[in-house]
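S.K.: Predicted model follows, preceded by the sequence.
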Amino acid sequence: MPDSPLVLADDIARRDASSGALLLQPTDFALQAGDRVAITGPSGSGKSVFLRALALLDPLDAGRVLWRGASIGRGAIPRYRRSVAYLRQRPALIDGSVEDNLRYPFTLRAYRDARFDRARAALLVGQAGRGPGFLDKRASELSGGEAQIAALIRVLQLSPEVLLLDEPTASLAPESSQAIEALVHAWFADNDDASATASRKHASIWVSHDPAQAARMSQRHLSMRAGVLDETASAASLPHEARA
């Protein structure tokens, strides 16, 4: 369906497995091709719950998620996650070098048709402001910011269409936060030329506690409180100090 949203949440809800309390109130949401969305709100308000539900990482208690207008069967979930990539706040890296971590996804069944491209990886490393030696660094020796950069490059090299970014720069130094933002900006820029049709344009959702970052990284701004998602304003209408 060419005019369908990339991702559509149709009345989705999530409950706490032990208490039964609603973590995410019944929610409708459409992510269109080209969208850059930010979600802000207090800790514990349901932002991560919502993002993980969209990524189909946790089971839904109600509703459904559609990809390009189509339902996603159990067997199609790996393919969906290949297109819709989730990056969590604290990256999980395997033992070995950064390059070993970048090669790892290609050992999985979902990527058996793809091959690791070291030149592509080096380009992404450069977009993050790192030298080629970054690929040879040991994962155990990386700072928190470097580990998150490696985790984002690991995702971007797989050419997802949608990024779900769950506070990817929380607790990072400003320089590392800027590198993460630069990688996402470059990912969009690579897709914004005339050859990218509307249906193939990238889209992202960025969860952040920082209003200024939310303004920089989005064109749509939503807020989350007590499991209720509210589209309050575009990023352009946030206070001037938040956009500085």
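M.R.: Perfect, thanks for sending it. In this text the structure is predicted, and so the values were computed from the model without any measurement.
S.K.: Grab the most central residue of this structure for me.
M.R.: Leu164 (2.1 Å; C-alpha atoms, centre = their mean).
S.K.: got a list of what that one touches?
M.R.: When contacts are counted by C-beta atoms under 8 Å, 6 or more residues apart in numbering, Leu164 touches Leu51, Leu54, Ala55, Val84, Ala85, Tyr86, Leu87, Ser204, Ile205. For the C-beta atoms, the positions are set from N, CA and C on the backbone; glycine is no exception.
S.K.: is it possible to export those to a markdown table including neighbour count, secondary structure and distance to Asp10?
M.R.: What follows is the contacts of Leu164, written out as a markdown table (neighbours: other C-beta atoms under 10 Å; DSSP: H, G, I helix; E, B strand; the rest coil; distance: C-beta to C-beta, whole Å):
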| residue | neighbour count | secondary structure | distance to Asp10 |
| --- | --- | --- | --- |
| Leu51 | 23 | helix | 16 |
| Leu54 | 21 | helix | 11 |
| Ala55 | 22 | coil | 16 |
| Val84 | 23 | strand | 15 |
| Ala85 | 20 | strand | 21 |
| Tyr86 | 20 | strand | 19 |
| Leu87 | 23 | strand | 24 |
| Ser204 | 22 | strand | 21 |
| Ile205 | 28 | strand | 17 |
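S.K.: just those now: which is nearest Phe188?
M.R.: The shortest approach to Phe188 among the contacts of Leu164 belongs to Ser204, at 7.6 Å (C-beta to C-beta).
S.K.: How about the secondary structure of the nearest residue to that closest one once chain neighbours are set aside?
M.R.: Leaving aside its chain neighbours, Ser204 sits nearest to Leu163 (4.3 Å; criterion: C-beta to C-beta, 6 or more residues apart in numbering). For Leu163, the secondary structure call by DSSP: H, G, I helix; E, B strand; the rest coil comes out as strand.
S.K.: Now do the biggest helix by length in the chain: which elements does it pack against?
M.R.: With secondary structure taken from DSSP state H, the chain has its longest helix at helix 174-189. For helix 174-189, the contact count by 3 or more C-beta pairs under 8 Å, 6 or more residues apart in numbering; DSSP states H and E identifies helix 118-127, helix 144-156, strand 162-166, strand 203-207, helix 211-216 as packing neighbours.
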